[in-house]
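In: Got a sequence here, can you model it:
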Amino acid sequence: MLDVTVIEDAEAAAVSLDPIRARLLAELAAGPASAAMLAGKVGLPRQKVNYHLKTLERHGLVELAGERRKGNVTERMMRATAASYVISPQALAAVQPDPDRFRDQLSARWLLALGARLVRDVGSLLTGATKARKRLATYALDGEVTFASAADRAAFIEELTAGVSALIRKYHEGDAEAGRPHRIVVAVHPTLRPEAVTGTGAEAAAETGAVTRTGAATEVAAGPEAGPEAGPELGPEPGPEVGSEAAETPAGPEATH
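Out: Residues are numbered from 1 along each chain as shown. Predicted structure coming up:
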């Protein structure tokens, strides 16, 4: 069983979002079970559970773990294909977020669009790498920092932008024949406190406080089959000046090279 996998197909996404099937997925992520075993847990007849299981299996969300004899009946033991699932923006087709439509380093909505593209691209790359039986070369960094003031946050963003931009200029070799393009995404946003996760957006925003989460990730295509189209390159100039009174935390630089 995979720890996490990405759902790219719209029909599979719809199947996974059905409350009953989502409950069955959760049960099967905990361990293999038959339709009869699941029926008592979800309060449905075995026949209906079996119908839902076949639908989940058809979309690759569950798989056969084995069979066992129970009297004169052979039960199919099913298991989830992953412990957790992420629905790719690719399932939204034409309405999926596109960060190339606009660029605003101080916009939380642009940060969301970048995050959505990250999920989509890494999901597609991982699918291609799995089919090719290759390991996908990626790197991610996640951490938290508490700023004493908005001015400190602005100074941090300015230094972060200059540092990452300098590294890109140093290592970028656009004419290298054997080169492999990587996408770099750096993001900074206020940390959501655990008690605010289940609240509404307004309540969650009010609970963010001064702690800020920072993250950086790089990804590389696992081969021509898996590689998405490259986005615009980051120019040699540093990012825009950041005001200390900005309403939204800057998302930092984004680049493809």
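In: immediately after the helix or strand encompassing residue 170, which helix or strand?
Out: Following DSSP states H and E, one finds residue 170 within helix 150-171. Using DSSP H and E, the next helix or strand after helix 150-171 towards the C-terminus is strand 182-190.
In: Would you state the helices of the stretch 1-150 of the chain in chain order?
Out: For the stretch 1-150 of the chain, the helices defined by DSSP state H, counting those that start in this stretch cover 10-17, 19-30, 35-42, 46-58, 108-131, 150-171.
In: Return the most buried member of those.
Out: helix 108-131 (a mean of 19; mean count of other CB atoms under 10 Å). To be clear about C-beta, it is placed using only N, CA and C from the backbone, and glycine gets the same treatment.
In: residues of stretch 88-98 that come out buried?
Out: Buried residues in stretch 88-98, defined by neighbour count with 16 or more other CB atoms under 10 Å: 88-91, 97.
In: what pLDDT, on average, does it get?
Out: Per-region confidence: stretch 88-98 scores 90 on mean pLDDT.
In: what's the burial count for the closest residue to residue 126 other than its chain neighbours?
Out: In space, and not counting its chain neighbours, residue 126 is closest to residue 136: 5.6 Å by CB to CB, 6 or more residues apart in numbering. Residue 136 has 18 neighbouring residues, counting by other CB atoms under 10 Å.
In: Which pLDDT value belongs to residue 136?
Out: So, for residue 136, pLDDT stands at 91.
In: so how far is residue 47 from it?
Out: 41 Å (CB to CB, to the nearest Å).
In: tell me the pLDDT at residue 174?
Out: 86.
In: What of residue 73?
Out: Confidence score, pLDDT, at residue 73: 83.
In: now swap in the one 3 residues further on and tell me
Out: pLDDT, the model's per-residue confidence, is 94 for residue 76.
In: re the thing from before, what inclination does the helix holding residue 170 have with respect to strand 182-190?
Out: Put simply, helix 150-171 runs at 170 degrees to strand 182-190, going by axes from the mean of the first three to the mean of the last three CA atoms, to 10 degrees.
In: circling back to that earlier point, may I ask you to confirm that the residue nearest to residue 126 is in contact with residue 125?
Out: Yes. With contacts defined as CB atoms under 8 Å, residue 136 counts as touching residue 125 at a distance of 5.6 Å.
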